[in-house]
Structures are given as structure tokens and as C-alpha cells.
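here's my sequence, what's the structure:
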Amino acid sequence: MLKPGYGPASSPRDFQRVPISEEGAESNSEQEDHELHLVAEDFLAKCGEAPWERATIDEEARMDINGETEAQMDHVNTEKSRGVDSTVDQTWAIDNDLAGADRFVMIMSAIWIIPKSLVFGLPLFLTLLPWYILAKVYQCRMDIPTDEVRRDSCGFIICIECLGRLFLFIPRILMALCLFLDFFFYYLFSVPYCMLCSRHRWTGYKRSQKAIEHYRTGPGMRWSDIMVCTLGQVHRNGFLECAKCFTGTVLLLPWIKYFINANPFVYELEERFVQQISTSLDDLALHDVHDVSRRIISRSIQDDDLIHHEHLWSFIPHYPYPPPDRRWAMGMQHVGKYFQLLTHVTHAVAEVGGSTEQFILSNSVAMPVYRVMLWYNNPYHFFTGFVEASLSNGLPSQADKKHGGEHPMWLVSSHSPLLSGRESMTGVGMIDAFFDFWLPTFVDGVREQVVDQAYADANHEEVTSKDGVSRPTGKKGLPSKQK
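Numbering: from 1, shown residues only. Here you go, the predicted structure:
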């Protein structure tokens, strides 16, 4: 029996936008004309099959509303034309001769990150706390559930846009200071190493810049988006944990991104493709899986029962629905209770000015959900590259994972053990292994919302994580110690 309010959308009541609880809040005409598409089947009925493939506006306008750049789109179109099997990881050899470079970046990281954390950790946390308390108070006034935060309401403009930015003034000064110091020590440590110790020297440095160039300059930070993300995350994780995690964001992520994961002075960089596909969700209707997946990730204020489960996850993505004038918005990934990663997310089920066009890079998509851009000029995500989140057809090499969630990633990286190994502390190998571990948790969440927890537990299935293809274990059912 389907769970009330989570089965097929037989009525608009199941998926209606629930506004914030402010009586008489005035809305401008742009917001009132904005249609929030919560039911994919209705979206396709209105826009036609495969609306992502239909061009209705000029390229420059499309790139603007999708958050794209010319360099990015030229590159991914070239990649698409190669016609590779996107259900299998790219073959990637680990170069153990780069272990010395790995030791260098870890030693230099300790030399800088430890004193940085001691000096800036407490001031960042204390100055961020008023903003997170404000966000929690505002979130408590919102209806449960609320799909979309109304940015045009008086409450949002006064409390979040005005008072929130005031509360964030000092933290943003500290963030800028930390980032300046990160770049100072980045160049201080990296340039001498490139000149004196690296194998690739300046020639390799220039080749590495070409790998970065496709993703160098994205749309930049939108603080309104970040504050909307915060409203969703404080409901999921609480204001104290969010303040602690954003402190970790400022202290750790820029350094991990620029000095370790994508450092052209220390490593010769290339783009690496890895793919994670969950076990099959073909037991559920495709559109139900799509709608519930977006509801878990994009709904701002969740139902209480779902919040309880999400808070236990080691990875909690929140990609709020975009505002009326664009198909993209910033998202926030709450990771491991240590930091929050900022992303730029283009939503496949979104329409702006009649445009629904969205390039799909993966060749194994049954229905797209999100494009998650990790721009190089975004210091608050530790990777650089192009990521998608979709429902997969599994073809040609993983047909037994039909309608599973796929998460292909094209990331800038090196062949060093630190950045390539699945057992490493960071790098593409690590994140590939992590999503093999996490995706079964998300699949359980989808099944629970469409049917119930008992059904989700009975159909729980994991994969044997490895490079290439991670096969299903074939063992159904949640282990008793996890129930």
C-alpha cells in the first residue's frame, strides 16, 4: 500500500507548493507567474517528451538561465561526441612515483591548516552562530512541509536578505581573509616545488591549466541562494551543527581544492570520469522515483519523519528549486558532520521563458534530474568538474541497474595514489567509493517514501565497490544491525 501523499500524483494536492506561513505576504508578478514543476509527468505532458533536447531560445540566453559558459559547453559537447560507454569508469592507472608529491602536500597542509584552524576556528563559529540562529527561527515559522522558499515575501526580504546579510558581514570578512591566506601559502609552497622538485615542471603546468580551463569561471556566489540553502539545512541538521560545519567549510575546503585536489604546480592534471549507479529501482514507476528523489533533495522544509532519517545520513544534499528567472541555483551538500559543500545546480525539470533545454552528457540516462557544477572559481567545494544526477537505463554495461540513480562525474585530478586510490583520504577514487557506499542509503529513502520502510528494508541491496563497474552483491535485505 502506498504511503499517503507519497504515491503517484493523482491530485495536485500531493505536490502543491506550500508557501511560508506569512498571511497576506505580497508577491510580485514574476513570482506569481512562476510555475514550480513538482510532478515530472505533468511537466512532460506540458512540454512534450525529452524537452531537454528542444532549443527555443538563442545560445547566449540559454547559457545565462542555465548557469553555463562557452568553454564548459564546448568541452562537454566534444566529450559527448566521443560516444563512450558512460556506465563504466574510465581506466585510470595509479602512478606510485607521485607518492613523494603526495607526502609534500600532506606535510605542507598540516603546517598551514593546523595554525589556521586554531586562529580562525572559534571566531568563525561564534560570528556565524547569530546567522544560523536567525535562520532557525525563520525556518520554524515556515509550514511543514514547504517545497519552495518564497523570496519575494516581506519576511524573507527583511529577515533573510537584509538582517541575514548584516549578520553575515563579519563572517564574510573572515572568509575573505582566510581565502587570501590560503592563496598566499598555496603559492608560497607550490611554486618552489614546481620549479625544483616536480616531474612535469612548467610544460606540465601549462597542460594542467587546459584541464582546468573548461571549468575555470562559473556564475560566482549567489548569497541569496546560499541563505535559502541554509534554511533547508538548519531544518535537517540544526543550527549548531550547521554553524560548526560551515566553519569547517571555510577552514578546510579551499585548501583541499586548490592545494591538494587540483594543484597544477605539484601534479600534472587531467580529467577523470567515474560513474556510480545504484541498484535497480525498476520495481517502482520511473516518474515516482524522479518526483520523490527531487522532493528529498529539493524540498526546503521536509516532513518530520523524513528529517529524522536524513539527519542520520553521512551525505545530505539540498538543492533548492531555482528562482523564477533561471533554471539553476546554488546547492549545499552537508557532509559527514564536518563541512558543507557549495555547488551550482541546474534543474532538469524547470522552465524559464519557455526554455527547457539542458545538455545531458551521460549516454545512459533514462530521465535527468540535476546537473551539479563544481566550478574552479568556487572555493567551497573540494572538486572541480562536471557532475550529473539522473535515473539510469544502465545501458550498455549495467542493464541490471535499470532506473537506478546514476551519478557520473568528470573531475579534474592526478594519477597520484592520494588522488586516485579508493582507500585514500581525498581524491576521485575516494569519492567514487563513497557514492557506491551512500547510494543504497538514498535508494532506501526513495522506496520508503513511495511505499514504506518495511518494503525499503526488504529490498535493500548494496554493491561491491571497485573501479570499472561496481556490481550488485545479490543479497537483498537490510542487515539486522542496521535496522
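
the strands in the stretch 101-250 of the chain, which residues?
With DSSP state E, counting those that start in this stretch as the criterion, the stretch 101-250 of the chain has no strands.

so residue 133 touches residue 239, yeah?
Yes - applying CB atoms under 8 Å, one finds residue 133 in contact with residue 239, separated by 5.6 Å. No exception for glycine: its C-beta is placed from N, CA and C like everyone else's.

the two: which is more packed in?
Higher neighbour count among residue 133 and residue 239: residue 239, with 22 against 15, using other CB atoms under 10 Å.

now do that one, the pLDDT please.
Residue 239 is assigned 96 on the pLDDT scale.

my guess is it contacts residue 136, does it?
Yes - with contact defined as CB under 8 Å, residue 239 reaches residue 136; the gap is 4.1 Å.

where is the longest helix in the protein?
helix 99-140 (DSSP state H).

gap between residue 282 and residue 465?
22 Å (CB to CB, to the nearest Å).

from what I can see residue 299 touches residue 147, true?
Yes - when contacts are counted by CB under 8 Å, residue 299 is listed as touching residue 147 (5.2 Å).

tell me the helices and strands packed up against the longest helix of the chain.
In terms of contacts (3 or more CB pairs under 8 Å, 6 or more residues apart in numbering; DSSP states H and E), helix 99-140 is packed against helix 165-167, helix 169-196, helix 223-237, helix 239-255, helix 417-420.

got those as a markdown table, with distance to residue 400 columns?
Formatted as a markdown table, the helices and strands packed on helix 99-140 follow (distance: least, CB to CB, whole Å):
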| stretch | distance to residue 400 |
| --- | --- |
| helix 165-167 | 50 |
| helix 169-196 | 45 |
| helix 223-237 | 33 |
| helix 239-255 | 36 |
| helix 417-420 | 27 |
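
what's the end-to-end length of stretch 270-285?
39 Å (CA to CA, to the nearest Å).

what is the mean pLDDT for it?
97.

can you check stretch 191-206 too?
According to the model, stretch 191-206 has a mean pLDDT of 94.

how distant is that stretch from the center of its chain?
How far stretch 191-206 lies from its chain's middle: 32 Å, per CA atoms, centre = their mean, to the nearest Å.

and that stretch, which residues are buried?
Buried residues in stretch 191-206, defined by neighbour count with 16 or more other CB atoms under 10 Å: 193, 194, 198, 200, 204, 205.

how about the third one: what's its closest non-neighbour residue?
What it means is residue 198. Distances taken as CB to CB, 6 or more residues apart in numbering put residue 266 closest to residue 198, at 6.3 Å, once the chain neighbours are dropped.

how many residues are close by the one you found?
26.

does it touch residue 104 like I think?
Yes - in this structure, residue 266 is within contact of residue 104 by CB under 8 Å, at 6.8 Å.

what's the overlap in contacts for the two?
Common contact partners of residue 266 and residue 104 (CB atoms under 8 Å, 6 or more residues apart in numbering): residue 193.

helices of the stretch 251-400 of the chain, start to end?
Along the stretch 251-400 of the chain, counting by DSSP state H, counting those that start in this stretch, helices occupy 286-298, 304-310.
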